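1. okay, sequence plus prediction incoming.
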Amino acid sequence: MKGLAKLMSFSNNRIYNDQEIDDVQRNLDEFLEDMKLAFPKETVSPKLHLLAHHLIPYMRKHRTWGKTSEQGIEHYHAKYNTLKRKLQPIRNLMDRSSLIVRELSIKNHLHDTGSSLE
């Protein structure tokens, strides 16, 4: 799975040049070969199909990957889960949900504006 970790390291907000995208292509090809060797009888998942057949054309067109990858959503989901556990003692679902939305909205605003609460 080191190949996947290396491949995912390219999933950021950088703008890539042709040579760097060629590097991503090589890493992707190596990862796909490793997957075929490790799991020869498994079917291809939709996410793996997207990586295998659509990532490089997308990167060549837009010069980036991370701005549209799901990593941001996964990071946001992790924050949501942390808040959900933290606020679990609040029994009223609407109150708990409102606090989660409020907290996430405030953090998002602070991040987007470069502000802080201090």
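-> That came through fine. Residues are numbered from 1 along each chain as shown.
2. could I get the contacting residues of the residue lying closest to Leu32 once chain neighbours are set aside?
-> Leaving out its chain neighbours, the residue that sits closest to Leu32 by Cβ to Cβ, 6 or more residues apart in numbering is Ala52, at 5.7 Å. Heads up, the C-betas are built off the backbone N, CA and C, glycines and all. Under the criterion of Cβ atoms under 8 Å, 6 or more residues apart in numbering, the contact list for Ala52 reads Leu28, Leu32, Val44.
3. list the contacts for the first one?
-> Contact criterion Cβ under 8 Å, 6+ apart gives Leu7, Leu51, Ala52, Leu55, Ile56 as the residues in contact with Leu28.
4. quick check, nearest of the residues you listed to Asp95?
-> Closest approach to Asp95 among these (Cβ to Cβ): Leu51, at 40.9 Å.
5. show me what contacts that closest one?
-> Counting by Cβ under 8 Å, 6+ apart, Leu51 has contacts Leu7, Leu28, Phe31, Leu32.
6. relative to Met94, how far out is Met35?
-> From Met35 over to Met94 the distance is 45 Å, taken as Cβ to Cβ, to the nearest Å.
7. so between these two, which is more surrounded?
-> Neighbours around Met35 and Met94, counted as other Cβ atoms under 10 Å, are more numerous at Met35. The numbers are 18 against 8.
8. tell me the secondary structure at the nearest residue to that one once chain neighbours are set aside.
-> Computed as Cβ to Cβ, 6+ apart, the closest residue to Met35 that is not its neighbour in sequence is Leu48, at 7.2 Å. Of the three states, Leu48 takes helix under DSSP: H, G, I helix; E, B strand; the rest coil.
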